[in-house]
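K.L.:
After the sequence you'll find the predicted model.
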Amino acid sequence: MLDIKFIRKNPEEVKKCCENRQANISIDFLLELDKKKNRLLGEVEDLKSNQNKLSKDDIEEARKIKINIKKIEPELNKAKKEFQDLMLQVPNLLSGDVPVGKDENDNKVLRKFKEPIKFDFKPKNHIELGEICNIIDTKKSAIISGSRFNYLFNEAVFLQFAIIQFVFEILTNRKIIKELAKKVGNPFDKPFMPVIPPVIVKAEIMKKMDRFDPIEDRYYLEQDDALLIGSAEHTLGPLHMDEILNEKDLPIRYVGYSTAFRREAGSYGRDTAGILRRHQFDKIEIESFIQSEYGLVEQDLIIAIQEYLVQQLDIPYQVMILCTGDMGKQDYRQVDIECWMPGQNKYRETHTSDYMTDYQSRRLNTRVKRKNGKLEFVHMNDATAFAIGRILIAIIENYQQ
């Protein structure tokens, strides 16, 4: 959520941001609601102030004031709700290097690592290889669980746990973090704390995380008013909700492993075969809390970590900066890594990195007390370390013989 004070001072910048993101939101109407809400609030406060000044003998005057307050309060509550609902729809601001565009076709390649492998035979895709090697099964899972589920067997299971161990060893290694931080100008060599988080989150928390919608893509547990998480960051991000952090403790960095669940409602007919796009998948996620002035270099460090991880596997990839039309509304800047998939003969997204400034922390009320005593909202980053299924595809396909 943006600061209303910023919107009041910079309405044209916010309007341009909404336009570039193709967000159909009237900032003028929002500011009208803001004025109306404040006017009604002022009237109620004035009436209550006058009420407090009355003596015990002014019974008739007190009655009139009470009636007037009761008349105004419903309109005030309505204006507050309309204002808050619209405020929650306003997207985050944009970093200056974000390209303006309509969809994924307007994303830009920043750099590449290695050229795609050229085989002296026609490469198989991971589905064929999975069946041949008896490591992936989607047929029995379709019968037992439905479409977009899978079984992993034998070496694929060992590979999954090896990847998890590999990531946790890298991200908890201060020496490696220090080297990568130095490359991108990040002054902090603090390693990441390993976490296994809950996979169920209360609906009210997901709303504060701004991850409740699109609800049709979530697994909603109506009886509990809770959801299955779609990523570990859904329960890592609220870890410091309603807390005031000490600046000396920043950055706070987590790396969490969990199973994740998505209905994939918006991907009808896409990637239905194989294990690229599943209802249930395992993922290692990064979450970071830092001072505002270091938010961008923190994202740069996270991207450097992502690249380091993929480079250790020696898999060709490209780094993409997403355009305005392909970003999440929480993101100030979003950068993806796409690994080469020989079975599809193209790059596919395997990692994402989201820098959200204070957009999420404002909703979560996560603040930091600076050395000068000033309270500010922290800046937050989240990112993929590895989506297990997708990196398994990249490994299996690129290393086939």
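P.N.:
Yep, it's here.
K.L.:
Let me see the ranges of the strands in the stretch 201-350 of the chain.
P.N.:
219-221, 226-228, 244-246, 252-261, 280-290, 317-321, 333-341, 346-355 (DSSP state E, counting those that start in this stretch).
K.L.:
so where's this structure uncertain?
P.N.:
266-269 (pLDDT under 70).
K.L.:
Most distant residue from the centre of it?
P.N.:
Asp57 (58.5 Å; C-alpha atoms, centre = their mean).
K.L.:
For that residue, give me its contacts.
P.N.:
Counting by C-beta atoms under 8 Å, 6 or more residues apart in numbering, Asp57 makes contact with nothing. C-beta here means a position set from N, CA and C on the backbone, and glycine is covered the same way.
K.L.:
before we move on, back to that, dump the strands of the stretch 201-350 of the chain to CSV, plus mean neighbour count and distance to Ile65.
P.N.:
Compiled in CSV, the strands of the stretch 201-350 of the chain are given as follows (neighbours: other C-beta atoms under 10 Å; distance: least, C-beta to C-beta, whole Å):
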stretch, mean neighbour count, distance to Ile65
strand 219-221, 15, 45
strand 226-228, 20, 44
strand 244-246, 13, 38
strand 252-261, 20, 49
strand 280-290, 23, 46
strand 317-321, 21, 58
strand 333-341, 24, 51
strand 346-355, 21, 50
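K.L.:
closest one to Ala181 among these?
P.N.:
strand 252-261 (10.9 Å; C-beta to C-beta).
K.L.:
how about Gln89, secondary structure?
P.N.:
coil (DSSP: H, G, I helix; E, B strand; the rest coil).
K.L.:
For it, which non-adjacent residue is closest in space?
P.N.:
What sits nearest to Gln89 in space, not counting adjacent residues and going by C-beta to C-beta, 6 or more residues apart in numbering, is Ile25, at 5.5 Å.
K.L.:
again with Lys15
P.N.:
Ile27 (4.9 Å).
K.L.:
so who does the one you found touch?
P.N.:
Ile27 neighbours (C-beta under 8 Å, 6+ apart): Ile7, Pro11, Val14, Lys15, Cys18, Val90.
K.L.:
in terms of contact, does the second one touch Phe29 like I think?
P.N.:
Which is Pro11. No: between Pro11 and Phe29 there is no contact under C-beta atoms under 8 Å: 11.3 Å.
K.L.:
how close does the residue farthest from the centre of the chain sit to Thr235?
P.N.:
Separation of Asp57 from Thr235 (C-beta to C-beta, to the nearest Å): 58 Å.
K.L.:
what do you get for Thr324?
P.N.:
The gap separating Thr324 from Thr235 is 29 Å, by C-beta to C-beta.
K.L.:
do the same with Lys190
P.N.:
21 Å.
K.L.:
Of those two, which one has the most company?
P.N.:
The neighbour comparison of Lys190 against Thr235 (other C-beta atoms under 10 Å) goes to Thr235, with 23 against 17.
K.L.:
Quick check: which element contains Lys66?
P.N.:
helix 59-87 (DSSP states H and E).
K.L.:
again but with Pro194, I slipped
P.N.:
Residue-wise, Pro194 maps onto strand 193-195 under DSSP H and E.
K.L.:
neighbouring strands for that strand, and are they parallel or not?
P.N.:
Strand 193-195 has the following sheet partners, assigned by DSSP bridges: strand 252-261 (parallel).
K.L.:
OK, contacts around Ala252?
P.N.:
Careful, residue 252 is Ile and not Ala. Met193, His240, Leu245, Ser288, Phe289, Ile290.
K.L.:
same thing with Cys323?
P.N.:
Val98, Pro99, Val100, Gly101, Lys102, Asp103, Glu104, Asp106, Asn107, Lys108.
K.L.:
hmm, which of those residues are the buried ones?
P.N.:
Burial by neighbour count, 16 or more other C-beta atoms under 10 Å: within the contacts of Cys323 this picks out Val98, Gly101, Asn107.
K.L.:
would you list every one of the helices in the stretch 51-200 of the chain?
P.N.:
Secondary structure of the stretch 51-200 of the chain by DSSP state H, counting those that start in this stretch: the helices cover 59-87, 126-132, 139-144, 154-171, 174-184.
K.L.:
Out of those, the one nearest Arg362 is which?
P.N.:
Of all these, helix 59-87 sits nearest to Arg362, with 10.0 Å by C-beta to C-beta.
K.L.:
so what does the closest one touch, helix or strand wise?
P.N.:
helix 27-53 (3 or more C-beta pairs under 8 Å, 6 or more residues apart in numbering; DSSP states H and E).
K.L.:
what's the angle from the helix it packs on to helix 59-87?
P.N.:
160 degrees (axes from the mean of the first three to the mean of the last three C-alpha atoms, to 10 degrees).
K.L.:
before we move on, the earlier item: among the contacts of Cys323, pick out the one closest to Asp358, please.
P.N.:
The closest of the contacts of Cys323 to Asp358 turns out to be Val98 (C-beta to C-beta; 17.4 Å).
K.L.:
Now do the contacts for the closest one.
P.N.:
Per C-beta under 8 Å, 6+ apart, neighbours of Val98: Ile321, Leu322, Cys323, Thr324, Met327, Arg333, Gln334.
K.L.:
Quick one: these as CSV, columns for distance to Ile305 too.
P.N.:
Formatted as CSV, the contacts of Val98 follow (distance: C-beta to C-beta, whole Å):
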residue, distance to Ile305
Ile321, 17
Leu322, 19
Cys323, 24
Thr324, 26
Met327, 21
Arg333, 16
Gln334, 16
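K.L.:
Of these, just say which sits nearest to His379.
P.N.:
Arg333 (11.4 Å).
K.L.:
Quickly list what that closest one is bridged to.
P.N.:
Bridge pairing for Arg333 (DSSP bridges) gives the partners Tyr355.
K.L.:
re earlier: show me the contact partners of the strand holding Pro194.
P.N.:
Contacts for strand 193-195 (C-beta under 8 Å, 6+ apart): Phe168, Leu171, Thr172, Ala232, Leu236, Ile252, Arg253, Tyr254, Val255, Gly256, Tyr257.
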